[in-house]
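[1] Structure here, sequence nowhere to be found:
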């Protein structure tokens, strides 16, 4: 059986979440924004897998099930996000989110 | 025991370096390549955590489908796919906010009991039984959300929309 410390794993996902937040705040390209959201979401999914691996009994199965479902949700989000990218590109000729201001009053 | 710790440290280092590189390189295609390495690295971490089903799913969905989808998005939205992004300055405020998020999460980690625990190994069969019986409603909800997402995506990109 493998013995590992939980804190290192949680530090890794905290760092990845911070990197994702940093990307969301700094990047203006829609595809880079999507990638930043994916990095942050992967950090969250990793947490579910860690706690599943360190749970007692069969409780961890629920954590892994939630991780599977979250991977599906993230894939759906990328598909919809890319549809928005294509629509924005057709409408504006650019995928810079700073130019997508049509809903502003 | 020490071998797994070294493997985890290496994988964690690669994950952080590739995630940062993906957000800092100027060519979008290089971003996709870094992010593909990031996804493969995460699936290696899943294998390290004795979750082979999730590792395979991560490889198939993220390293396979999402990477190709993002690459396709880049190909269709620019004339030359290797053209560079305009440099965006990294302001101090986003960096500070990201650091605050990291410090907040790490301080929450500090509240946990500091001990090594034995990893649990699960049979993929037991996982699928749990997924489709106990968490069956969530799988149904995921199907509904995917259906709505596909419908919305088709509506967004269809031809002749005013």
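    In hand now; what should we look at? Everything numeric here is computed off the predicted structure, so don't read it as measured data.
[2] So for the most centrally placed residue in chain A, what's the pLDDT?
    By C-alpha atoms, centre = their mean, chain A has its centre lying nearest to residue A:41, at 2.2 Å. Per-residue pLDDT puts residue A:41 at 94.
[3] what does the one 5 residues further on give?
    Looking at residue A:46, its pLDDT is 92.
[4] Can you give me every residue that contacts the residue nearest to it when sequence neighbours are not counted?
    In space, residue A:46 comes closest to residue A:13 once its chain neighbours are excluded; the distance is 4.6 Å by C-beta to C-beta, 6 or more residues apart in numbering or on different chains. No exception for glycine: its C-beta is placed from N, CA and C like everyone else's. Applying C-beta atoms under 8 Å, 6 or more residues apart in numbering or on different chains, we find residue A:13 in contact with A:43, A:44, A:46, A:47, A:50, B:105.
[5] tell me the mean pLDDT for the strand or helix carrying residue A:65?
    In this assignment (DSSP states H and E), residue A:65 forms part of helix A:60-92. The pLDDT scores in helix A:60-92 average 89.
[6] try stretch B:74-84
    On average, the pLDDT along stretch B:74-84 is 75.
[7] Likewise for stretch B:150-162?
    If you average the pLDDT over stretch B:150-162, you get 81.
[8] so how many other residues sit close to the nearest residue to residue A:83 once chain neighbours are set aside?
    Take residue A:83 and drop its neighbours on the chain: the residue closest to it by C-beta to C-beta, 6+ apart is residue B:153, 3.6 Å away. Counted with other C-beta atoms under 10 Å in any protein chain shown, residues neighbouring residue B:153 total 19.
[9] again with residue B:17
    When neighbours are defined as other C-beta under 10 Å, residue B:17 has 14 of them.
[10] now residue B:9
    As a burial measure, the neighbour count of residue B:9 was computed by other C-beta under 10 Å and equals 12.
[11] So, low pLDDT: which residues of chain B?
    Low-confidence segments of chain B, defined by pLDDT under 70, are located at B:1, B:81-89, B:113-117, B:160-162.
[12] and with 90 instead?
    Counting by pLDDT under 90, the ranges of chain B that qualify are B:1-9, B:23-30, B:48-53, B:71-131, B:133-135, B:155-162.
[13] Spatially central residue for it, please.
    Nearest to the geometric centre of chain B sits residue B:39, at 5.7 Å (C-alpha atoms, centre = their mean).
[14] I'd like the distance between it and chain A.
    As judged by C-beta to the nearest C-beta, to the nearest Å, residue B:39 and chain A stand 8 Å apart.
[15] That residue contacts residue B:65, doesn't it?
    No. The criterion here is C-beta atoms under 8 Å, and residue B:39 misses it with residue B:65 at 10.2 Å.
[16] re earlier: got the contact list for the residue nearest to residue A:83?
    Each residue near residue B:153 by C-beta under 8 Å, 6+ apart is listed here: A:79, A:80, A:82, A:83.
[17] quick revisit: which ones among the contacts of residue A:13 map onto strands?
    Judged by DSSP state E, the subset of the contacts of residue A:13 located in strands is empty.
[18] Turn these into TSV, columns for distance to residue A:69 and neighbour count.
    What follows is the contacts of residue A:13, written out as TSV (distance: C-beta to C-beta, whole Å; neighbours: other C-beta atoms under 10 Å in any protein chain shown):
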residue	distance to residue A:69	neighbour count
A:43	17	24
A:44	12	15
A:46	15	24
A:47	14	20
A:50	17	24
B:105	23	19
